[in-house]
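A.B. asks: Got a predicted structure here, sequence first:
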Amino acid sequence: MPDLAVDRQGRSVVDNCVSTTQLTFKPGVNGFMLNERDGAEVAAAIVRRYPVIERDGLMPQAIALWRPAGGEWAYVTLGQKKHAPHATCYTATVDAAKVDGTPTLIRKYFSPAP
């Protein structure tokens with residue numbers, strides 16, 4: 001599981017792999033890194049739905065479950081920056097409602113559910 005940068009407020013910070021945008025989340029509040037097993041299952045489900053991800057060489061190395069302020073749950077696919085191989089970045093966000101098993105994962109990582 002990749003290490004994420006943490007800001008002064010204790011939020012995990014993830015850079016976009018191709019732009020200067022970032023996303024942030026407070027672990028256990030509005031985001032969480034899925035464990036390896038859950039991440040692999042979600043990654044497989046995402047690739048089944050969006051095969052272009054794997055075809056373009058963007059197979060997720062890890063997955064975070066994230067809820068932006070005022071938004072809906074999303075999965076964040078994570079990989080390594082090409083020019084900084086020890087730095088994690090995100091390649092895509094996927095509507096979590098389109099992935100089977102999401103309510104179970106929300107309960108698992110955010111119980112009681114927010």
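C.D. replies: Everything's here; your move.
A.B. asks: per-residue confidence at the nearest residue to residue 4 once chain neighbours are set aside?
C.D. replies: Spatial nearest neighbour of residue 4, chain neighbours left out: residue 12 (4.2 Å); criterion: C-beta to C-beta, 6 or more residues apart in numbering. (Each C-beta comes from the backbone N, C-alpha and C, glycine too.) At residue 12, the predicted lDDT confidence score is 89.
A.B. asks: Show me which strand runs longest in this protein.
C.D. replies: In the chain, taking DSSP state E as the definition, the longest strand is strand 84-95.
A.B. asks: Export only the CA atoms of that strand, formatted as PDB.
C.D. replies: Provided in PDB are the C-alpha atoms of strand 84-95 (Å, rounded to 0.1, in the frame of the first residue of the first chain):
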ATOM      1  CA  ALA A  84       9.200  10.300  -9.100                       C
ATOM      2  CA  PRO A  85       8.800   6.600  -8.800                       C
ATOM      3  CA  HIS A  86       8.400   6.700  -5.000                       C
ATOM      4  CA  ALA A  87       5.500   9.300  -5.100                       C
ATOM      5  CA  THR A  88       1.900   8.200  -5.400                       C
ATOM      6  CA  CYS A  89      -0.600  10.000  -7.700                       C
ATOM      7  CA  TYR A  90      -4.100   9.300  -8.800                       C
ATOM      8  CA  THR A  91      -5.000   8.400 -12.400                       C
ATOM      9  CA  ALA A  92      -8.800   8.400 -12.200                       C
ATOM     10  CA  THR A  93     -11.900   8.700 -10.000                       C
ATOM     11  CA  VAL A  94     -14.800   6.300 -10.500                       C
ATOM     12  CA  ASP A  95     -18.400   6.700  -9.300                       C
END
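A.B. asks: Just checking: what are the partner strands of it?
C.D. replies: Neighbouring strands of strand 84-95 in its sheet, by DSSP bridges, are strand 12-16 (parallel), strand 74-81 (antiparallel).
A.B. asks: Could you give the average pLDDT over the last one?
C.D. replies: Meaning strand 74-81. Throughout strand 74-81, pLDDT has a mean value of 91.
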